[in-house]
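1. With the sequence up front, the predicted model follows.
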Amino acid sequence: MGDLINQIKSLLKGAAGYAGVRLIDPIEVYYLPQENTFYPIISKSGCTSIKVMLIRKYNPDYENTFPGIHQVNPAKVSDNAIERLYFPTQRSFEKWTKDKKMVFVMRDPLSRLFSCYQDVVSGKNKMYRFPSGLDWAYKYTTNMEFDDFLTKVCSTADLYSDRHFRSQSFYLSDAVKNGLESLEAITLKEYMSRASTKNASDENESLQLNINKSAISDELKAKLLQSQKFKRRFKADLLLFERLRKNGV
């Protein structure tokens, strides 16, 4: 009976998502009110490492590990210097960002998608498990072939996507960009490089918490770049990342 009730609840959430009332997976941000600066929390783009680095700005000795770091309310370990906020719709997020400073940390879209797939087949992250509870309906299983995973991801629009494969550019719509006080867009690689330099005196503490064992192969990169469905689905991400990479940030 309990499983049936949970499935009914998840169906209602799914229906609200497909009706456009709310996102299936809400937008999460970390906001530093003293600086009027926010970081959109983009899953599979270094979000847990960014969280730890932000907390250490106010609590230098703070330590945690994956996956426990996800459950931590940053306000409680930063004396309320970092607020964790959620937005049920893209419109509410866009409205809130007006006149604020944004730090947008972006990962290579190819590596990000492969990392998401590794999470699926390893069971590390179950797509749609939280908060919608729709994992039973979407069926991203540990025995999925990569091609099947790619087809499912590429056939799902951002409004209905799990946060682990929602486009990174979804958080940087024109409405957001046009209303910001300032925008710092930077690749995850460069962001981590700068953070490592700042923390060079503490060599024993890793800033990267959730790292999969294998990186994407050159063969798979080439395959994705030849895939029309992948290029259509993540066109904005690919263009933005290439621009950042060429600019050296």
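-> Great, that's in hand.

2. Could you use CA atoms for every contact and neighbour count after this?
-> Will do.

3. Okay, strands next: where are they in the protein?
-> Secondary structure of the chain (DSSP state E): strands located at 27-32, 37-40, 83-87, 101-106, 182-187.

4. who wins for proximity to K126 among these?
-> The closest of the strands of the chain to K126 is strand 27-32. By Cα to Cα, the value is 17.8 Å.

5. number of nearby residues for I82?
-> Residues near I82, counting by other Cα atoms under 10 Å, number 25.

6. Can you give me every residue that contacts it?
-> 30-33, 54-55, 74-75 (Cα atoms under 8 Å, 6 or more residues apart in numbering).

7. before we move on, the earlier item: in CSV, list the strands of the chain along with mean pLDDT.
-> Shown next, in CSV, are the strands of the chain (pLDDT from 0 to 100):
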stretch, mean pLDDT
strand 27-32, 98
strand 37-40, 98
strand 83-87, 98
strand 101-106, 98
strand 182-187, 98
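
8. Just send those back as a markdown table, with distance to K124 and mean neighbour count too.
-> Output for the strands of the chain, formatted as a markdown table (distance: least, Cα to Cα, whole Å; neighbours: other Cα atoms under 10 Å):
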| stretch | distance to K124 | mean neighbour count |
| --- | --- | --- |
| strand 27-32 | 20 | 20 |
| strand 37-40 | 22 | 20 |
| strand 83-87 | 23 | 16 |
| strand 101-106 | 22 | 21 |
| strand 182-187 | 24 | 17 |
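
9. Next, format these as CSV and append distance to N64.
-> Compiled in CSV, the strands of the chain are given as follows (distance: least, Cα to Cα, whole Å):
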stretch, distance to N64
strand 27-32, 17
strand 37-40, 20
strand 83-87, 17
strand 101-106, 21
strand 182-187, 24
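
10. Compare the ones you listed and report which one is nearest to S167.
-> Of all the strands of the chain, strand 101-106 comes closest under Cα to Cα, at 10.3 Å.

11. Give me the angle between the closest one and strand 27-32.
-> Between strand 101-106 and strand 27-32, the angle formed by their directions is 130 degrees, by axes from the mean of the first three to the mean of the last three Cα atoms, to 10 degrees.

12. Need the residues that contact strand 101-106.
-> Contacts for strand 101-106 (Cα under 8 Å, 6+ apart): 36-40, 45, 168, 180-188, 191, 241.

13. before we move on, what about stretch 87-99?
-> Under Cα under 8 Å, 6+ apart, the answer for stretch 87-99 is 21-23, 25-28, 175-176, 179-182.

14. Check what pLDDT D202 gets.
-> pLDDT for D202: 52.

15. Distance from stretch 173-190 to the middle of the chain?
-> 15 Å (Cα atoms, centre = their mean, to the nearest Å).

16. Buried residues, stretch 51-71. List them.
-> Neighbour-count burial for stretch 51-71 flags 51-55, 69 (criterion: 16 or more other Cα atoms under 10 Å).

17. can I have it written out in PDB, keeping just the CAs?
-> Extracted in PDB, the C-alpha atoms of stretch 51-71 (Å, rounded to 0.1, in the frame of the first residue of the first chain):
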ATOM      1  CA  LYS A  51      29.600  23.600  -2.000                       C
ATOM      2  CA  VAL A  52      32.600  22.600   0.200                       C
ATOM      3  CA  MET A  53      34.700  25.500  -1.200                       C
ATOM      4  CA  LEU A  54      31.900  28.000  -0.400                       C
ATOM      5  CA  ILE A  55      31.500  26.700   3.100                       C
ATOM      6  CA  ARG A  56      35.200  27.000   3.700                       C
ATOM      7  CA  LYS A  57      35.100  30.700   2.900                       C
ATOM      8  CA  TYR A  58      33.300  31.100   6.300                       C
ATOM      9  CA  ASN A  59      34.300  27.900   8.000                       C
ATOM     10  CA  PRO A  60      37.900  27.100   6.900                       C
ATOM     11  CA  ASP A  61      38.300  23.800   8.800                       C
ATOM     12  CA  TYR A  62      35.000  22.300   7.400                       C
ATOM     13  CA  GLU A  63      35.200  18.700   6.100                       C
ATOM     14  CA  ASN A  64      32.700  16.400   4.600                       C
ATOM     15  CA  THR A  65      32.500  13.600   2.100                       C
ATOM     16  CA  PHE A  66      30.200  12.400  -0.700                       C
ATOM     17  CA  PRO A  67      27.300  11.600  -0.600                       C
ATOM     18  CA  GLY A  68      26.800  13.000   2.900                       C
ATOM     19  CA  ILE A  69      27.600  16.500   1.800                       C
ATOM     20  CA  HIS A  70      24.300  16.600  -0.100                       C
ATOM     21  CA  GLN A  71      22.300  16.600   3.100                       C
END
